[in-house]
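S.K.: predicted model and sequence below, questions to follow.
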Amino acid sequence: MARRSFFGEKTISFARLYELLASLIAYRKMTYSESRIKSD
């Protein structure tokens, strides 16, 4: 039971980490596009 709970917590933290990484990539792509438009 405890092991299952621990695994569930690790899964949740991994999902949150992946979500954070995805948002960071999207933010960098957006800023990169904006800077590209400004310099063009």
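M.R.: Great, that's in hand.

S.K.: what segments of the chain are helices?
M.R.: For the chain, applying DSSP state H gives helices covering 2-39.

S.K.: show me the shaky parts of it.
M.R.: 1-7, 40 (pLDDT under 70).

S.K.: give the buried residues for stretch 20-31.
M.R.: By 16 or more other C-beta atoms under 10 Å, stretch 20-31 has no buried positions at all. To be clear about C-beta, it is placed using only N, CA and C from the backbone, and glycine gets the same treatment.

S.K.: give me the distance between Leu24 and Met30.
M.R.: As judged by C-beta to C-beta, to the nearest Å, Leu24 and Met30 stand 11 Å apart.

S.K.: right, I mislabeled it, should have said Tyr18
M.R.: From Tyr18 over to Met30 the distance is 19 Å, taken as C-beta to C-beta.

S.K.: distance from stretch 11-22 to the middle of the chain?
M.R.: Mean-position distance between stretch 11-22 and its chain equals 6 Å (C-alpha atoms, centre = their mean, to the nearest Å).

S.K.: okay, now Tyr32: neighbour count?
M.R.: Residue crowding around Tyr32 was assessed by other C-beta atoms under 10 Å; the count is 10.
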